[in-house]
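>>> prediction below, plus the sequence it came from.
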Amino acid sequence: GAVVSQHPSWVICKSGTSVKIECRSLDFQATTMFWYRQFPKQSLMLMATSNEGSKATYEQGVEKDKFLINHASLTLSTLTVTSAHPEDSSFYICSASPSFGFQRIRQETQYFGPGTRLLVL
Amino acid sequence: DAKTTQPTSMDCAEGRAANLPCNHSTISGNEYVYWYRQIHSQGPQYIIHGLKNNETNEMASLIITEDRKSSTLILPHATLRDTAVYYCIVRPNNNDMRFGAGTRLTVKP
């Protein structure tokens, strides 16, 4: 249990294009999902908190118009990097917290996806 | 505002116990101690968490001091596949998870 998937696992795009990354909780429902970014040799940095049916909450310094987050269902959140530039190249990771407890899936724990590596040329 | 302090790196011999310390001297009464690990180029993997009692699961044991100002993650029989960056995080339940620099554990044959 507690599987979170991301699609795609890697993407290469041209500067100026937009890229959408999907995050799905496969065997549980998640009212809240989180998006992180990780640059090489650095730790994960929280970008935003995504709540199902409402607007995302962005961390200071993260542009909400550039990183569009949609959390339309209890199992899916999407992050769209708009007008991507080379400096947006990074490892993007999502996580999800179960809406309620399942056996062996702790409600208070976050489960992470495998990450999406974005390279903007 | 780093809430935890961990050694930058540690080595451990394969088959031996790996003891990873974490200092969280400013922990609040409602904050849990979580441990995650990240193997290269993968998403973080949940290991264990606790409030004040020691915890054990199939992956590891978590020892929390009585004053809750520090804890130790124990991998009882480290294998080469346990080589990873280990993150100690303190947070109230259902809040976002914020990562520090972690400890890079290298298990050597």
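Thanks, I have it. Since the structure is predicted, the reported quantities are computational estimates derived from the model, not experimental observations.

>>> check contacts around the residue lying closest to B:Asn53 once chain neighbours are set aside.
Leaving aside its sequence neighbours, B:Asn53 sits nearest to B:Ile64 (Cβ to Cβ, 6 or more residues apart in numbering or on different chains; 7.2 Å). C-beta: built from backbone N, CA, C; applies to glycine. By Cβ atoms under 8 Å, 6 or more residues apart in numbering or on different chains, B:Ile64 lies in contact with B:33, B:50-54, B:70-71.

>>> tell me which parts of chain A are close to chain B?
A:2, A:4, A:6, A:32, A:34, A:36, A:43-46, A:49, A:91, A:93, A:95, A:97, A:106-115, A:117 (Cβ under 8 Å from any Cβ of the partner chain).

>>> give the bridge partners for residue 45, please.
No chain was given, so I picked chain A. Residues in a beta bridge with A:Met45, per DSSP bridges, are A:Arg37.

>>> right idea, wrong chain: chain B
Bridge pairing for B:Gln45 - DSSP bridges - gives B:Arg37.

>>> per-residue pLDDT, the residue nearest to B:Asn53?
B:Ile64 carries a pLDDT score of 97 in this model.

>>> buried ones among the residues of chain A next to chain B?
A:2, A:4, A:6, A:32, A:34, A:36, A:44-46, A:49, A:91, A:93, A:95, A:97, A:106, A:109-113, A:115 (16 or more other Cβ atoms under 10 Å in any protein chain shown).

>>> from those residues, which land in strands?
A:4, A:6, A:32, A:34, A:36, A:45-46, A:49, A:91, A:93, A:95, A:97, A:111-112 (DSSP state E).

>>> what strand or helix carries the closest residue to A:Trp10 other than its chain neighbours?
Counting by Cβ to Cβ, 6+ apart, A:Arg117 is the residue found nearest to A:Trp10 once chain neighbours are left out, at 4.3 Å. Per DSSP states H and E: A:Arg117 is located in strand A:116-120.
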